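Participant: Below: sequence and its predicted model.
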Amino acid sequence: MNFDMGSYGIYIWPAYGVSAVAIIGAIVWTVTSWRRAKAKLAALEKRNP
Amino acid sequence: MSVFTTLLLRDIRLAARSGGSAALALSFFALVATLVPLGVGADLHLLARVAGGVLWVGAVLSALLSLDRLFQGDFEDGSLDVIALAPLPLELTALAKIAAHWLSTGLPLTLLSPLLALLFNLPGHATAILFVSLLIGTPAVSAIGAIGASLTLSLKRGGLILPLIILPLLSPAVIFGAGAVQATLDGMAAGSALGLLAAFALASVLLSPFAAAACVRLNLGG
Amino acid sequence: MNFLFRYANPHEFMRLSGAVLPVLAIATALCFSIGLYLGFSVPPDYQQGTTVALMFIHVPADVVAELAYGAIAVCSLLSLVWRHPLSDTAARAAAPFGALFTALGLITGALWGKPMWGTYWVWDARLTSFLLLLFLYFGYMALWNAIEDETRAARACAILALVGVVNIPIIKFSVDWWSTLHQGESIMAGKIAPVYLAPLLIMMLGYTLLFVTLWMVRIRTAILERRARNLMQQAAS
(Lines give C-alpha, C1' and ligand atoms only; values in the text may rest on other atoms or scores of the structure.)
Protein backbone atom coordinates (compact mmCIF):
# COMPACT_ATOMS: atom_id res chain seq x y z
CA MET A 1 0.00 0.00 0.00
CA ASN A 2 1.15 3.48 -0.78
CA PHE A 3 0.83 6.04 2.00
CA ASP A 4 2.98 8.74 0.52
CA MET A 5 0.51 11.35 -0.59
CA GLY A 6 3.05 14.00 -1.38
CA SER A 7 1.94 17.56 -0.92
CA TYR A 8 -1.69 16.54 -0.88
CA GLY A 9 -1.34 14.72 2.37
CA ILE A 10 -2.48 17.76 4.30
CA TYR A 11 -5.88 17.43 2.69
CA ILE A 12 -6.16 13.67 2.45
CA TRP A 13 -5.34 12.68 6.01
CA PRO A 14 -7.67 15.17 7.71
CA ALA A 15 -10.44 14.04 5.36
CA TYR A 16 -9.84 10.40 6.24
CA GLY A 17 -9.49 11.39 9.86
CA VAL A 18 -12.80 13.25 10.00
CA SER A 19 -14.54 10.40 8.20
CA ALA A 20 -13.08 7.87 10.60
CA VAL A 21 -14.06 9.92 13.64
CA ALA A 22 -17.58 10.44 12.29
CA ILE A 23 -18.10 6.79 11.38
CA ILE A 24 -16.66 5.45 14.61
CA GLY A 25 -18.64 8.04 16.54
CA ALA A 26 -21.83 6.97 14.78
CA ILE A 27 -21.14 3.31 15.57
CA VAL A 28 -20.39 4.05 19.20
CA TRP A 29 -23.49 6.19 19.59
CA THR A 30 -25.72 3.62 17.93
CA VAL A 31 -24.40 0.72 19.97
CA THR A 32 -24.48 2.69 23.22
CA SER A 33 -28.10 3.78 22.82
CA TRP A 34 -29.01 0.19 21.92
CA ARG A 35 -27.36 -1.15 25.05
CA ARG A 36 -28.97 1.54 27.17
CA ALA A 37 -32.43 0.81 25.78
CA LYS A 38 -31.92 -2.92 26.27
CA ALA A 39 -30.82 -2.46 29.88
CA LYS A 40 -33.69 -0.11 30.66
CA LEU A 41 -36.24 -2.50 29.20
CA ALA A 42 -34.75 -5.43 31.09
CA ALA A 43 -34.95 -3.48 34.36
CA LEU A 44 -38.58 -2.54 33.70
CA GLU A 45 -39.53 -6.08 32.76
CA LYS A 46 -38.02 -7.39 35.95
CA ARG A 47 -40.11 -4.96 37.95
CA ASN A 48 -43.39 -5.82 36.27
CA PRO A 49 -43.20 -9.25 34.67
CA MET B 1 -70.34 35.87 -2.51
CA SER B 2 -68.63 32.52 -2.67
CA VAL B 3 -67.10 30.98 0.41
CA PHE B 4 -63.70 31.31 -1.24
CA THR B 5 -64.02 35.06 -1.68
CA THR B 6 -65.39 35.49 1.81
CA LEU B 7 -62.42 33.68 3.30
CA LEU B 8 -60.01 35.60 1.12
CA LEU B 9 -61.36 38.98 2.13
CA ARG B 10 -61.60 37.94 5.76
CA ASP B 11 -57.96 36.92 5.85
CA ILE B 12 -56.82 40.10 4.17
CA ARG B 13 -58.82 42.12 6.68
CA LEU B 14 -57.33 40.13 9.56
CA ALA B 15 -53.83 40.64 8.22
CA ALA B 16 -54.39 44.35 7.94
CA ARG B 17 -55.72 44.52 11.47
CA SER B 18 -53.17 42.46 13.38
CA GLY B 19 -50.28 44.88 13.24
CA GLY B 20 -50.56 45.27 9.50
CA SER B 21 -48.46 42.44 8.17
CA ALA B 22 -47.86 44.44 5.00
CA ALA B 23 -46.32 47.29 6.96
CA LEU B 24 -44.14 44.91 8.91
CA ALA B 25 -42.95 43.08 5.82
CA LEU B 26 -42.27 46.31 3.94
CA SER B 27 -40.30 47.77 6.83
CA PHE B 28 -38.25 44.63 7.15
CA PHE B 29 -37.60 44.59 3.42
CA ALA B 30 -36.47 48.20 3.48
CA LEU B 31 -34.26 47.51 6.49
CA VAL B 32 -32.54 44.63 4.78
CA ALA B 33 -31.99 46.82 1.73
CA THR B 34 -30.44 49.40 4.03
CA LEU B 35 -28.26 47.05 6.04
CA VAL B 36 -26.61 45.34 3.12
CA PRO B 37 -24.90 48.43 1.69
CA LEU B 38 -23.85 49.26 5.24
CA GLY B 39 -22.27 45.84 5.31
CA VAL B 40 -20.68 45.62 1.87
CA GLY B 41 -19.87 49.24 1.25
CA ALA B 42 -21.31 51.90 -1.00
CA ASP B 43 -19.60 50.88 -4.22
CA LEU B 44 -22.51 51.50 -6.57
CA HIS B 45 -21.14 49.16 -9.19
CA LEU B 46 -20.94 46.32 -6.67
CA LEU B 47 -24.38 47.08 -5.30
CA ALA B 48 -25.91 46.97 -8.75
CA ARG B 49 -24.41 43.54 -9.29
CA VAL B 50 -25.74 42.12 -6.03
CA ALA B 51 -29.09 43.91 -6.09
CA GLY B 52 -30.99 41.05 -7.68
CA GLY B 53 -29.87 38.50 -5.12
CA VAL B 54 -30.05 40.78 -2.09
CA LEU B 55 -33.52 42.05 -2.88
CA TRP B 56 -34.77 38.57 -3.68
CA VAL B 57 -33.45 37.15 -0.43
CA GLY B 58 -34.80 40.19 1.41
CA ALA B 59 -38.24 39.73 -0.12
CA VAL B 60 -38.32 36.04 0.78
CA LEU B 61 -37.30 36.71 4.39
CA SER B 62 -39.80 39.54 4.70
CA ALA B 63 -42.60 37.37 3.38
CA LEU B 64 -41.64 34.71 5.94
CA LEU B 65 -42.37 36.99 8.86
CA SER B 66 -46.12 36.63 8.80
CA LEU B 67 -46.24 33.02 7.65
CA ASP B 68 -46.40 31.28 10.99
CA ARG B 69 -49.65 33.05 11.74
CA LEU B 70 -51.21 31.83 8.51
CA PHE B 71 -53.18 29.04 10.14
CA GLN B 72 -52.27 29.47 13.77
CA GLY B 73 -54.68 32.28 14.60
CA ASP B 74 -57.64 30.32 13.36
CA PHE B 75 -56.33 27.13 14.91
CA GLU B 76 -56.00 28.62 18.34
CA ASP B 77 -59.45 30.16 18.60
CA GLY B 78 -61.18 27.21 16.98
CA SER B 79 -62.16 28.96 13.78
CA LEU B 80 -60.13 26.47 11.78
CA ASP B 81 -62.37 23.65 12.92
CA VAL B 82 -65.38 25.61 11.73
CA ILE B 83 -63.72 26.50 8.45
CA ALA B 84 -62.79 22.89 7.89
CA LEU B 85 -66.45 21.95 8.16
CA ALA B 86 -67.49 24.55 5.62
CA PRO B 87 -68.71 23.39 2.20
CA LEU B 88 -65.45 24.63 0.72
CA PRO B 89 -62.82 21.87 0.33
CA LEU B 90 -59.90 22.39 2.64
CA GLU B 91 -57.59 22.63 -0.36
CA LEU B 92 -59.45 25.69 -1.59
CA THR B 93 -59.37 27.15 1.89
CA ALA B 94 -55.62 26.74 1.83
CA LEU B 95 -55.51 28.40 -1.58
CA ALA B 96 -57.58 31.30 -0.25
CA LYS B 97 -55.14 31.75 2.60
CA ILE B 98 -52.20 31.59 0.23
CA ALA B 99 -53.83 34.23 -1.98
CA ALA B 100 -54.59 36.43 1.01
CA HIS B 101 -51.02 36.12 2.23
CA TRP B 102 -49.65 37.07 -1.16
CA LEU B 103 -51.98 40.02 -1.52
CA SER B 104 -51.07 41.31 1.93
CA THR B 105 -47.35 40.55 1.80
CA GLY B 106 -45.85 39.42 -1.52
CA LEU B 107 -47.60 41.99 -3.64
CA PRO B 108 -46.72 44.99 -1.45
CA LEU B 109 -43.11 43.79 -1.38
CA THR B 110 -43.10 43.59 -5.15
CA LEU B 111 -44.50 47.10 -5.39
CA LEU B 112 -41.79 48.45 -3.09
CA SER B 113 -38.96 46.73 -4.93
CA PRO B 114 -38.34 49.35 -7.65
CA LEU B 115 -37.78 51.97 -4.96
CA LEU B 116 -35.27 49.74 -3.18
CA ALA B 117 -33.64 48.87 -6.50
CA LEU B 118 -32.96 52.58 -6.80
CA LEU B 119 -30.92 52.40 -3.60
CA PHE B 120 -28.81 49.74 -5.26
CA ASN B 121 -28.23 51.67 -8.43
CA LEU B 122 -29.93 49.00 -10.48
CA PRO B 123 -30.46 50.13 -14.06
CA GLY B 124 -34.00 50.63 -15.30
CA HIS B 125 -34.36 47.56 -17.48
CA ALA B 126 -32.98 45.31 -14.72
CA THR B 127 -35.36 46.89 -12.22
CA ALA B 128 -38.26 46.08 -14.49
CA ILE B 129 -37.13 42.45 -14.64
CA LEU B 130 -36.72 42.41 -10.87
CA PHE B 131 -40.28 43.67 -10.51
CA VAL B 132 -41.63 41.04 -12.86
CA SER B 133 -39.63 38.27 -11.23
CA LEU B 134 -40.93 39.20 -7.78
CA LEU B 135 -44.46 39.46 -9.13
CA ILE B 136 -44.23 35.95 -10.54
CA GLY B 137 -42.15 34.45 -7.75
CA THR B 138 -43.66 35.73 -4.52
CA PRO B 139 -46.79 33.60 -4.96
CA ALA B 140 -44.45 30.60 -4.75
CA VAL B 141 -43.13 31.95 -1.47
CA SER B 142 -46.66 32.21 -0.09
CA ALA B 143 -47.58 28.78 -1.42
CA ILE B 144 -44.57 26.87 -0.12
CA GLY B 145 -44.69 28.96 3.02
CA ALA B 146 -48.23 27.75 3.59
CA ILE B 147 -46.95 24.16 3.69
CA GLY B 148 -44.47 25.14 6.36
CA ALA B 149 -47.16 27.05 8.24
CA SER B 150 -49.51 24.08 8.25
CA LEU B 151 -46.74 21.70 9.36
CA THR B 152 -45.81 23.88 12.32
CA LEU B 153 -49.41 24.76 13.08
CA SER B 154 -49.56 23.27 16.53
CA LEU B 155 -46.20 24.52 17.71
CA LYS B 156 -46.06 27.45 20.08
CA ARG B 157 -42.67 28.45 18.84
CA GLY B 158 -43.11 27.09 15.36
CA GLY B 159 -41.92 30.37 13.95
CA LEU B 160 -38.34 29.27 14.47
CA ILE B 161 -38.61 25.99 12.62
CA LEU B 162 -40.68 27.33 9.76
CA PRO B 163 -37.85 29.20 8.00
CA LEU B 164 -35.56 26.19 8.45
CA ILE B 165 -38.09 23.97 6.72
CA ILE B 166 -39.09 26.12 3.81
CA LEU B 167 -36.04 28.16 2.89
CA PRO B 168 -34.27 25.22 1.22
CA LEU B 169 -37.47 24.53 -0.69
CA LEU B 170 -37.54 28.14 -1.88
CA SER B 171 -34.02 28.12 -3.28
CA PRO B 172 -35.21 27.58 -6.87
CA ALA B 173 -37.28 30.77 -6.65
CA VAL B 174 -34.31 32.79 -5.45
CA ILE B 175 -32.05 31.22 -8.05
CA PHE B 176 -34.36 31.86 -10.98
CA GLY B 177 -35.60 35.22 -9.76
CA ALA B 178 -32.22 36.72 -9.05
CA GLY B 179 -30.86 34.89 -12.08
CA ALA B 180 -33.27 36.78 -14.30
CA VAL B 181 -32.00 40.09 -12.97
CA GLN B 182 -28.42 38.93 -13.37
CA ALA B 183 -29.03 37.89 -16.96
CA THR B 184 -30.43 41.33 -17.75
CA LEU B 185 -27.40 43.01 -16.22
CA ASP B 186 -25.14 40.81 -18.34
CA GLY B 187 -27.03 41.86 -21.43
CA MET B 188 -28.71 38.51 -21.96
CA ALA B 189 -32.37 37.65 -22.25
CA ALA B 190 -34.11 36.96 -18.96
CA GLY B 191 -36.72 34.87 -20.68
CA SER B 192 -35.50 31.43 -19.71
CA ALA B 193 -35.01 32.37 -16.07
CA LEU B 194 -38.43 33.98 -15.86
CA GLY B 195 -39.97 31.02 -17.62
CA LEU B 196 -38.46 28.59 -15.13
CA LEU B 197 -39.58 30.84 -12.29
CA ALA B 198 -43.10 30.96 -13.66
CA ALA B 199 -43.19 27.17 -13.96
CA PHE B 200 -41.94 26.80 -10.41
CA ALA B 201 -44.47 29.32 -9.10
CA LEU B 202 -47.35 27.75 -10.99
CA ALA B 203 -46.47 24.27 -9.76
CA SER B 204 -46.13 25.55 -6.19
CA VAL B 205 -49.45 27.34 -6.20
CA LEU B 206 -51.25 24.38 -7.75
CA LEU B 207 -49.73 21.67 -5.56
CA SER B 208 -49.15 23.34 -2.20
CA PRO B 209 -52.84 23.54 -1.24
CA PHE B 210 -52.97 19.75 -1.23
CA ALA B 211 -50.01 19.39 1.09
CA ALA B 212 -51.18 22.24 3.31
CA ALA B 213 -54.71 20.85 3.54
CA ALA B 214 -53.33 17.40 4.46
CA CYS B 215 -51.30 18.97 7.26
CA VAL B 216 -54.22 21.00 8.54
CA ARG B 217 -56.38 17.88 8.58
CA LEU B 218 -53.80 15.98 10.53
CA ASN B 219 -53.54 18.75 13.09
CA LEU B 220 -57.28 19.08 13.47
CA GLY B 221 -58.04 15.40 13.58
CA GLY B 222 -55.44 14.42 16.13
CA MET C 1 -46.48 -5.27 -0.50
CA ASN C 2 -47.49 -8.23 1.66
CA PHE C 3 -43.84 -9.06 2.06
CA LEU C 4 -43.21 -5.68 3.61
CA PHE C 5 -46.17 -6.00 5.92
CA ARG C 6 -45.02 -9.32 7.25
CA TYR C 7 -42.15 -7.50 8.88
CA ALA C 8 -44.33 -4.61 10.00
CA ASN C 9 -44.83 -6.46 13.21
CA PRO C 10 -42.14 -5.26 15.60
CA HIS C 11 -41.56 -8.76 16.92
CA GLU C 12 -41.00 -10.10 13.43
CA PHE C 13 -38.68 -7.22 12.66
CA MET C 14 -36.65 -7.82 15.81
CA ARG C 15 -36.35 -11.47 14.95
CA LEU C 16 -35.33 -10.93 11.34
CA SER C 17 -33.00 -8.03 12.00
CA GLY C 18 -31.34 -9.90 14.84
CA ALA C 19 -30.46 -12.68 12.43
CA VAL C 20 -29.32 -10.44 9.61
CA LEU C 21 -27.33 -7.94 11.63
CA PRO C 22 -24.14 -9.98 12.24
CA VAL C 23 -23.95 -10.76 8.52
CA LEU C 24 -24.35 -7.09 7.64
CA ALA C 25 -21.75 -6.01 10.14
CA ILE C 26 -19.20 -8.48 8.87
CA ALA C 27 -19.92 -7.57 5.25
CA THR C 28 -19.44 -3.91 6.12
CA ALA C 29 -16.11 -4.54 7.78
CA LEU C 30 -14.96 -6.64 4.83
CA CYS C 31 -15.89 -3.96 2.31
CA PHE C 32 -14.09 -1.28 4.26
CA SER C 33 -10.97 -3.42 4.64
CA ILE C 34 -10.77 -4.40 1.00
CA GLY C 35 -11.84 -0.99 -0.22
CA LEU C 36 -9.30 0.89 1.83
CA TYR C 37 -6.56 -1.55 0.90
CA LEU C 38 -7.29 -1.18 -2.79
CA GLY C 39 -7.78 2.54 -2.41
CA PHE C 40 -4.31 3.01 -1.07
CA SER C 41 -2.76 0.69 -3.64
CA VAL C 42 -3.82 2.52 -6.75
CA PRO C 43 -1.45 4.75 -8.72
CA PRO C 44 -1.93 8.53 -8.57
CA ASP C 45 -4.25 10.04 -11.11
CA TYR C 46 -2.87 11.84 -14.15
CA GLN C 47 -4.79 15.03 -13.36
CA GLN C 48 -5.60 14.86 -9.68
CA GLY C 49 -2.48 13.23 -8.35
CA THR C 50 -2.90 11.42 -5.08
CA THR C 51 -6.04 13.40 -4.20
CA VAL C 52 -7.96 10.73 -6.03
CA ALA C 53 -7.82 8.96 -2.66
CA LEU C 54 -10.45 11.46 -1.52
CA MET C 55 -12.88 10.18 -4.12
CA PHE C 56 -13.07 6.91 -2.18
CA ILE C 57 -14.51 8.58 0.89
CA HIS C 58 -16.29 11.53 -0.69
CA VAL C 59 -18.46 9.84 -3.30
CA PRO C 60 -19.66 7.04 -0.98
CA ALA C 61 -20.65 9.64 1.62
CA ASP C 62 -22.68 11.50 -1.01
CA VAL C 63 -24.29 8.24 -2.11
CA VAL C 64 -25.44 7.43 1.42
CA ALA C 65 -26.60 11.02 1.96
CA GLU C 66 -29.02 10.68 -0.92
CA LEU C 67 -29.85 7.05 -0.21
CA ALA C 68 -30.88 7.90 3.33
CA TYR C 69 -33.24 10.60 2.13
CA GLY C 70 -34.68 8.21 -0.41
CA ALA C 71 -35.22 5.69 2.37
CA ILE C 72 -36.97 8.33 4.46
CA ALA C 73 -39.18 9.23 1.50
CA VAL C 74 -40.15 5.60 0.86
CA CYS C 75 -40.89 5.03 4.55
CA SER C 76 -42.93 8.24 4.61
CA LEU C 77 -44.97 7.04 1.66
CA LEU C 78 -45.51 3.66 3.30
CA SER C 79 -46.57 5.43 6.46
CA LEU C 80 -49.01 7.86 4.87
CA VAL C 81 -50.55 5.72 2.18
CA TRP C 82 -50.42 2.18 3.54
CA ARG C 83 -50.24 3.02 7.24
CA HIS C 84 -47.29 0.64 7.61
CA PRO C 85 -46.70 0.73 11.37
CA LEU C 86 -42.93 0.54 11.57
CA SER C 87 -42.27 3.06 8.81
CA ASP C 88 -42.41 6.16 10.99
CA THR C 89 -39.87 4.69 13.36
CA ALA C 90 -37.68 3.68 10.45
CA ALA C 91 -37.88 7.11 8.82
CA ARG C 92 -36.96 8.93 12.00
CA ALA C 93 -34.10 6.52 12.65
CA ALA C 94 -32.53 7.12 9.26
CA ALA C 95 -32.37 10.90 9.51
CA PRO C 96 -29.36 11.42 11.82
CA PHE C 97 -27.24 9.13 9.67
CA GLY C 98 -28.36 10.88 6.51
CA ALA C 99 -27.40 14.21 8.00
CA LEU C 100 -24.06 12.86 9.18
CA PHE C 101 -23.08 11.49 5.79
CA THR C 102 -24.25 14.68 4.10
CA ALA C 103 -21.97 16.67 6.38
CA LEU C 104 -19.14 14.21 5.71
CA GLY C 105 -19.71 14.64 1.99
CA LEU C 106 -19.44 18.40 2.38
CA ILE C 107 -16.29 18.25 4.50
CA THR C 108 -14.50 15.76 2.27
CA GLY C 109 -15.72 17.71 -0.73
CA ALA C 110 -14.23 20.90 0.63
CA LEU C 111 -10.93 19.19 1.41
CA TRP C 112 -10.93 17.79 -2.09
CA GLY C 113 -11.73 21.21 -3.48
CA LYS C 114 -8.75 23.01 -1.99
CA PRO C 115 -6.05 21.14 -3.92
CA MET C 116 -8.23 21.01 -7.02
CA TRP C 117 -9.53 24.56 -7.28
CA GLY C 118 -7.55 26.52 -4.73
CA THR C 119 -10.31 27.26 -2.23
CA TYR C 120 -12.13 25.14 0.29
CA TRP C 121 -15.53 26.13 -0.88
CA VAL C 122 -16.51 26.69 -4.46
CA TRP C 123 -20.17 27.04 -5.21
CA ASP C 124 -20.05 23.90 -7.27
CA ALA C 125 -23.49 22.61 -8.18
CA ARG C 126 -23.07 19.29 -6.38
CA LEU C 127 -21.68 20.70 -3.15
CA THR C 128 -24.34 23.42 -3.07
CA SER C 129 -27.11 20.87 -3.56
CA PHE C 130 -25.72 18.82 -0.73
CA LEU C 131 -25.58 21.87 1.51
CA LEU C 132 -29.28 22.40 0.87
CA LEU C 133 -29.89 18.69 1.50
CA LEU C 134 -28.22 19.09 4.89
CA PHE C 135 -30.72 21.81 5.76
CA LEU C 136 -33.56 19.58 4.62
CA TYR C 137 -32.33 16.94 7.08
CA PHE C 138 -32.06 19.52 9.89
CA GLY C 139 -35.61 20.73 9.21
CA TYR C 140 -36.90 17.17 9.20
CA MET C 141 -35.23 16.29 12.49
CA ALA C 142 -36.25 19.60 14.05
CA LEU C 143 -39.89 18.99 13.17
CA TRP C 144 -39.81 15.51 14.72
CA ASN C 145 -38.45 16.96 17.94
CA ALA C 146 -40.78 19.93 18.01
CA ILE C 147 -44.16 18.24 17.73
CA GLU C 148 -45.01 16.57 21.00
CA ASP C 149 -47.70 14.16 19.92
CA GLU C 150 -45.86 11.24 18.31
CA THR C 151 -48.54 10.31 15.82
CA ARG C 152 -48.90 13.89 14.65
CA ALA C 153 -45.17 14.32 14.45
CA ALA C 154 -44.88 11.18 12.37
CA ARG C 155 -47.54 12.29 9.90
CA ALA C 156 -46.25 15.85 9.64
CA CYS C 157 -42.70 14.66 9.05
CA ALA C 158 -43.91 12.16 6.48
CA ILE C 159 -45.57 14.98 4.56
CA LEU C 160 -42.46 17.13 4.91
CA ALA C 161 -40.25 14.32 3.64
CA LEU C 162 -42.46 13.78 0.60
CA VAL C 163 -42.60 17.50 -0.15
CA GLY C 164 -38.83 17.49 0.16
CA VAL C 165 -38.33 14.56 -2.16
CA VAL C 166 -40.47 16.20 -4.82
CA ASN C 167 -38.48 19.38 -4.41
CA ILE C 168 -35.03 17.81 -4.47
CA PRO C 169 -34.90 17.24 -8.25
CA ILE C 170 -36.16 20.81 -8.74
CA ILE C 171 -33.55 22.16 -6.36
CA LYS C 172 -30.80 20.18 -8.06
CA PHE C 173 -31.93 21.37 -11.46
CA SER C 174 -32.04 24.99 -10.37
CA VAL C 175 -28.64 24.80 -8.65
CA ASP C 176 -27.21 23.15 -11.74
CA TRP C 177 -28.69 25.87 -13.94
CA TRP C 178 -27.31 28.53 -11.63
CA SER C 179 -23.88 26.98 -11.51
CA THR C 180 -23.49 26.69 -15.27
CA LEU C 181 -24.32 30.39 -15.46
CA HIS C 182 -21.45 31.22 -13.20
CA GLN C 183 -18.73 28.75 -13.90
CA GLY C 184 -19.46 26.12 -16.46
CA GLU C 185 -19.56 22.37 -15.94
CA SER C 186 -19.18 20.86 -12.53
CA ILE C 187 -15.57 19.96 -12.14
CA MET C 188 -16.20 16.91 -10.05
CA ALA C 189 -18.05 15.14 -12.80
CA GLY C 190 -16.11 13.23 -15.36
CA LYS C 191 -14.99 9.77 -16.28
CA ILE C 192 -13.30 7.53 -13.80
CA ALA C 193 -10.35 5.43 -14.88
CA PRO C 194 -11.11 1.70 -14.56
CA VAL C 195 -8.34 1.12 -12.05
CA TYR C 196 -10.18 3.33 -9.58
CA LEU C 197 -13.53 1.75 -10.19
CA ALA C 198 -13.02 -1.30 -7.98
CA PRO C 199 -12.06 0.51 -4.75
CA LEU C 200 -14.75 3.15 -5.43
CA LEU C 201 -17.53 0.61 -5.88
CA ILE C 202 -16.40 -1.44 -2.89
CA MET C 203 -16.28 1.63 -0.69
CA MET C 204 -19.71 2.70 -1.96
CA LEU C 205 -21.01 -0.75 -1.02
CA GLY C 206 -19.25 -0.55 2.31
CA TYR C 207 -20.74 2.82 3.17
CA THR C 208 -24.18 1.62 2.12
CA LEU C 209 -23.91 -1.52 4.25
CA LEU C 210 -22.69 0.62 7.13
CA PHE C 211 -25.75 2.84 6.82
CA VAL C 212 -28.13 -0.12 6.64
CA THR C 213 -26.48 -1.77 9.66
CA LEU C 214 -26.56 1.36 11.80
CA TRP C 215 -30.09 2.12 10.65
CA MET C 216 -31.28 -1.33 11.58
CA VAL C 217 -29.77 -1.07 15.05
CA ARG C 218 -31.41 2.35 15.50
CA ILE C 219 -34.82 0.92 14.56
CA ARG C 220 -34.33 -1.96 17.00
CA THR C 221 -33.36 0.54 19.68
CA ALA C 222 -36.47 2.63 18.97
CA ILE C 223 -38.66 -0.46 19.25
CA LEU C 224 -37.15 -1.29 22.64
CA GLU C 225 -37.55 2.32 23.77
CA ARG C 226 -41.21 2.23 22.86
CA ARG C 227 -41.72 -1.01 24.74
CA ALA C 228 -40.08 0.59 27.77
CA ARG C 229 -42.36 3.62 27.48
CA ASN C 230 -45.43 1.41 27.28
CA LEU C 231 -44.33 -0.51 30.35
CA MET C 232 -43.78 2.71 32.26
CA GLN C 233 -47.24 3.94 31.28
CA GLN C 234 -48.78 0.65 32.36
CA ALA C 235 -46.97 0.80 35.68
CA ALA C 236 -48.12 4.36 36.22
CA SER C 237 -51.77 3.55 35.59
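Facilitator: On my side now, so go ahead. Numbers count the residues shown, from 1 in each chain, chains lettered A, B, ... in the order given.
Participant: looking at it, B:Ala149 is touching B:Leu65, isn't it?
Facilitator: No - using Cβ atoms under 8 Å, B:Ala149 is not in contact with B:Leu65; the gap is 11.8 Å. C-beta: built from backbone N, CA, C; applies to glycine.
Participant: who's more crowded, those two?
Facilitator: B:Ala149 (30 against 17; other Cβ atoms under 10 Å in any protein chain shown).
Participant: how about the most centrally placed residue in chain B, what does it touch?
Facilitator: The centre of chain B sits closest to B:Val141, judged by Cα atoms, centre = their mean, with a distance of 3.5 Å. Taking Cβ atoms under 8 Å, 6 or more residues apart in numbering or on different chains, we find B:Val141 in contact with B:59-60, B:63-64, B:102, B:106, B:170, B:173.
Participant: Hmm, C:Leu78 is touching C:His84, no?
Facilitator: Yes - counting by Cβ under 8 Å, C:Leu78 touches C:His84, with 4.0 Å between them.
Participant: List the buried residues of stretch B:25-35.
Facilitator: B:25-26, B:28-30, B:32-33 (16 or more other Cβ atoms under 10 Å in any protein chain shown).
Participant: what's the answer for stretch B:43-62, then?
Facilitator: In stretch B:43-62, counting by 16+ other Cβ under 10 Å, buried: B:47-62.
Participant: got it, and stretch B:207-222?
Facilitator: Buried positions in stretch B:207-222, judged by neighbour count with 16+ other Cβ under 10 Å: B:208-209, B:211-216, B:218-220.
Participant: near chain C, anything from it?
Facilitator: Yes - with Cβ under 8 Å from any Cβ of the partner chain as the criterion, chain C is reached by stretch B:207-222 at B:207, B:211, B:214-215, B:218-219, B:222.
Participant: Tell me how far that stretch lies from the chain's centre.
Facilitator: Relative to its chain's centre, stretch B:207-222 lies at 19 Å (Cα atoms, centre = their mean, to the nearest Å).
Participant: tell me the mean pLDDT for it?
Facilitator: For stretch B:207-222, mean pLDDT is 88.
Participant: Could you do stretch B:184-195 as well?
Facilitator: Stretch B:184-195 shows a mean pLDDT of 91.
Participant: cool, and stretch C:116-126?
Facilitator: The predicted model assigns stretch C:116-126 a mean pLDDT of 80.
Participant: Pull the distance from that stretch to the chain's centre.
Facilitator: A distance of 22 Å separates the centroid of the chain from that of stretch C:116-126, by Cα atoms, centre = their mean.
Participant: Could you do stretch B:206-222 as well?
Facilitator: 19 Å.
Participant: which residues sit against that stretch?
Facilitator: Residues outside stretch B:206-222 that contact it (Cβ under 8 Å, 6+ apart) are B:71, B:75, B:80-81, B:84, B:89-95, B:97-98, B:143-144, B:146-147, B:149-151, B:153-154, C:149, C:151-152, C:155-156, C:159, C:162-163, C:166.
Participant: List buried members of the contacts of B:Val141 by neighbour count.
Facilitator: Buried among the contacts of B:Val141 by 16+ other Cβ under 10 Å: B:59-60, B:63-64, B:102, B:106, B:170, B:173.
Participant: Of all pairs in these, which one is the farthest apart?
Facilitator: Farthest-apart pair in those is B:Trp102 and B:Leu170; separation 13.9 Å (Cβ to Cβ).
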